[in-house]
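> can you look at this prediction? I've put the sequence above it.
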Amino acid sequence: MKIINLIKTLCTVLIFLSSILVKSQELHTQSNPTSMTNESNALNGWTSGNITGVVESYEVFHGNYSIKFEVSSDGWKYGKYQLAATQGETYLITISAMSTSTENPEINIRGDVVNQRYARVSSNWQTFTIPVTASGPTIDMNIYPGLPSLQGNTVYVDALSITLISGTDTQAPTTPTLTSAGNTDTTVNLSFTGATDNVGVIGHMVYRDGSYLSNTDGTGAFLVQGLEANTTYTFKARAVDADGNESTDSNQISVTTNSGPDIQNPTAPTLSLVAKGENIIDLSWIGATDDMGVTNYKVYQDGALKATLGNVSFYQVSGLTAATNYDFIVTALDTAGNESANSNQVSVTTDAAAGGGSVSVWNENAGVASYSGGVAIGGNEVPSGYQLAVEGHIRTREIRVDQDVWPDYVFKDEYRLLTLEEISEHIEEYGHLPKIPSAKEVEAHGIQLGEMNRLLLEKIEELTLYILELKNEKIKVINQLKTIISDNLN
């Protein structure tokens with residue numbers, strides 16, 4: 001077997017179009033195929049690319065020196081090594097590399113214009129063993145500090161060798177078994193087991209979503225990096241022996257990366273005035289929605305934060321001045337603290353201070369008595385924000401409450417109907433239905449008849465949608481059963 005070892009060398013080569021700095025160590029020349037332990041002082045074999053060279057000795061994998069590719073300006077920069085090859089022959093390329101770059105540093109190897117092989121470089125030294133079949137007279141190896149590179153990106157390479165392996169071992173390894181050993185929002189850890197070979201398995205070829213991704217060494221594990229959060233990927237692998245024989249494809253696995261941090265803001269709530277008095281203003285809002293769930297609301301008065309509340313839809317602003325205008329907005333927050341855009345602004349002027357208490361304050365016109373202050377029946381106090389207080393029961397034939405908002409919006413296409421699972425989780429956590437005030441809130445503030453009727457009707461309309469949904473599901477199941485029975489009878 002013919003052995004061609006690529007070994008470290010030193011040299012300074014400046015190419016005018018370059019902006020990559022290459023600092024080198026032992027590299028083989030084809031006229032002088034020295035071993036990896038025989039370091040020479042030449043950069044023979046490195047052509048084109050964008051390269052100048054100096055010696056580096058503080059970051060090495062083998063021997064005393066390594067090659068350092070360093071980008072001095074942004075762009076698609078690379079160093080290139082070209083090997084004269086025989087078309088149709090298979091060569092085994094071994095190279096160790098590490099990088100400080102976060103722009104996907106890569107080793108790109110190809111036999112002329114096909115048989116491309118990629119190795120993604122990480123921050124720790126890794127040894128890559130890559131079989132390449134020459135489709136022409138040369139094999140090219142390009143070192144990319146980034147895709148594209150940013151100024152300062154670096155890649156170190158060391159212990160580089162090429163071995164002619166064609167015509168020796170022709171037996172392929174057995175098929176490996178692929179599993180996932182864990183994942184994050186941007187990585188998947190793959191594990192390979194079970195592959196055997198008459199000579200020996202040296203690594204695995206990894207494929208992602210049907211496309212070649214990288215070669216691994218013989219450790220049996222590979223960390224796939226640079227993935228998107230909450231995304232499903234498919235992987236398979238092949239075992240490779242020292243002569244470049246590849247096994248058949250392993251089993252294919254699908255892995256979904258973890259969800260990344262929540263960065264989506266809730267939708268803005270819709271704010272409205274419920275009631276007002278001399279010193280208080282009652283506000284209500286239609287709740288916001290969020291992909292992870294709304295947890296809090298903030299109430300702003302005249303641009304300043306007035307209160308931070310839980311997942312409620314009502315707030316009474318107190319301590320106000322009579323006959324004074326105030327501006328209010330509300331925002332929603334989710335579990336990650338993301339805040340929605342502002343709601344619509346509601347401007348309210350509190351009532352003027354009530355005067356007197358004698359009968360002379362009453363006015364009569366056309367049989368109608370009127371009074372601008374508050375009236376207390378069965379007591380002597382009217383709570384702030386109210387015009388009438390009755391200590392006792394009221395009997396009447398009808399009470400009419402004027403409403404600006406009514407829950408027909410439940411039947412609109414854009415209305416988001418919570419799933420039964422979401423409702424169950426809300427009840428388990430808070431002990432009451434979404435948007436319905438808790439017993440503690442009712443005990444402290446009572447209820448607004450108009451608002452409560454709106455909320456109750458909203459829940460009734462939501463219940464109607466759930467019933468219709470279950471009915472449609474029932475019809476679907478019955479039709480499926482009829483089809484099954486008919487097929488069996490026939």
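Structure received. What you see is a predicted model; the values in this text were computed from it and never measured.

> quick check: closest non-adjacent residue to N104.
Of all residues not flanking N104 in the chain, L147 sits nearest, at 4.5 Å (C-beta to C-beta, 6 or more residues apart in numbering). Glycine gets a C-beta too; all of them are placed from N, C-alpha and C.

> if I look at the one you found, how far off is G75?
Counting by C-beta to C-beta, to the nearest Å, the separation of L147 from G75 is 11 Å.

> picking that back up, what score does the residue nearest to N104 have for pLDDT?
On the pLDDT scale, L147 is placed at 83.

> okay, now it: neighbour count?
L147 sits with 16 neighbouring residues when counted by other C-beta atoms under 10 Å.

> let me know whether it touches E106 as I believe.
Yes. At 6.1 Å, L147 and E106 qualify as touching, with contact defined as C-beta atoms under 8 Å.

> still on that earlier bit, looking at this, the residue nearest to N104 is in a strand?
No. Applying DSSP: H, G, I helix; E, B strand; the rest coil, one finds L147 to be coil, outside a strand.

> got the contact list for it?
Contacts for L147 (C-beta atoms under 8 Å, 6 or more residues apart in numbering) come out as 76, 103-106.

> surely E451 is in a helix?
Yes. Judged by three-state DSSP, E451 forms part of a helix.

> coming back round to it: pop out the phi and psi values for the residue nearest to N104.
Here is the backbone geometry of L147 (degrees, to the nearest 10): phi -130, psi 80.

> can you list the residue ranges for helices in this protein?
Taking DSSP state H, the helices of the chain run over residues 420-430, 439-445, 449-489.

> tell me what the last one is packed against?
Applying 3 or more C-beta pairs under 8 Å, 6 or more residues apart in numbering; DSSP states H and E, one finds that helix 449-489 contacts no other helix or strand.

> for that helix, what is the distance to the chain centroid?
34 Å (C-alpha atoms, centre = their mean, to the nearest Å).

> check the first one too.
Helix 420-430 has its average C-alpha position 25 Å from the chain's average C-alpha position, going by C-alpha atoms, centre = their mean.

> and the angle from it to helix 449-489?
140 degrees (axes from the mean of the first three to the mean of the last three C-alpha atoms, to 10 degrees).

> could you export helix 420-430 as PDB, CA atoms only?
The C-alpha coordinates for helix 420-430 follow below in PDB (Å, rounded to 0.1, in the frame of the first residue of the first chain):
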ATOM      1  CA  LEU A 420     -59.700  21.800  27.200                       C
ATOM      2  CA  GLU A 421     -56.200  20.900  28.300                       C
ATOM      3  CA  GLU A 422     -55.400  24.600  28.700                       C
ATOM      4  CA  ILE A 423     -58.600  25.200  30.700                       C
ATOM      5  CA  SER A 424     -57.800  22.200  32.900                       C
ATOM      6  CA  GLU A 425     -54.300  23.500  33.600                       C
ATOM      7  CA  HIS A 426     -55.700  27.000  34.500                       C
ATOM      8  CA  ILE A 427     -58.300  25.600  36.900                       C
ATOM      9  CA  GLU A 428     -55.700  23.400  38.500                       C
ATOM     10  CA  GLU A 429     -53.300  26.400  39.000                       C
ATOM     11  CA  TYR A 430     -55.800  29.200  39.800                       C
END
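
> show me what that helix packs onto, helices and strands only.
Taking 3+ C-beta pairs under 8 Å, 6+ apart as contact, there are no helices or strands that helix 420-430 lies on.

> sketch out the low-pLDDT regions of this structure for me.
1-57, 65, 111-118, 165-168, 218-219, 354-372, 379 (pLDDT under 70).

> can you give me the domain assignment for the chain?
1-168, 172-260, 266-353, 356-395, 407-471 (automatic domain parsing).

> which of those is buried the deepest?
Scoring those by mean neighbour count under mean count of other C-beta atoms under 10 Å gives domain 1-168 as the most buried, with a mean of 19.

> ok, now how distant is A119 from M98?
In this view, A119 and M98 are 12 Å apart by C-beta to C-beta.

> which neighbours do those two have in common?
What both A119 and M98 touch, as defined by C-beta under 8 Å, 6+ apart, is the set Q126.

> who does V346 bridge with?
Taking DSSP bridges as the rule, V346 bridges to F328.

> how close does it get to I377?
31 Å.

> kindly report the same for S180.
Per C-beta to C-beta, S180 is found 73 Å from I377.

> V410 now?
Counting by C-beta to C-beta - V410 and I377 are separated by 38 Å.

> again, but for L470
To I377, L470 is 49 Å away according to C-beta to C-beta.

> equivalent analysis for K474, please.
Distance, K474 to I377, by C-beta to C-beta: 54 Å.

> again, but for H432
According to C-beta to C-beta, H432 and I377 sit 33 Å apart.

> one more: L463?
Counting by C-beta to C-beta, the gap from L463 to I377 is 38 Å.

> same question for H393.
From H393 to I377 the distance is 11 Å (C-beta to C-beta).

> next one: A268
Look at A268 and I377: by C-beta to C-beta, they are 42 Å apart.

> what's the answer for S384, then?
According to C-beta to C-beta, S384 and I377 sit 17 Å apart.

> with adjacent residues omitted, what lies nearest to the residue nearest to the spatial centre of the chain?
By C-alpha atoms, centre = their mean, the chain has its centre lying nearest to G260, at 3.4 Å. In space, and not counting its chain neighbours, G260 is closest to A229: 3.2 Å by C-beta to C-beta, 6+ apart.

> swap in T248?
T175 (5.0 Å).

> just T100 next, same as before
T154 (5.1 Å).

> I figured the one you found hits M98, correct?
No. Counting by C-beta under 8 Å, T154 sits too far from M98 to count as a contact (9.2 Å).

> make CSV from the helices of the chain and add distance to A275 to it.
Converted to CSV, the helices of the chain look like this (distance: least, C-beta to C-beta, whole Å):
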stretch, distance to A275
helix 420-430, 25
helix 439-445, 11
helix 449-489, 9
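
> do you know how far N215 is from N104?
For N215, the distance to N104 (C-beta to C-beta) stands at 16 Å.

> same question for A376.
76 Å.

> so what's D197 up against?
Counting by C-beta under 8 Å, 6+ apart, the residues that D197 touches are 171-174, 239, 241, 245.
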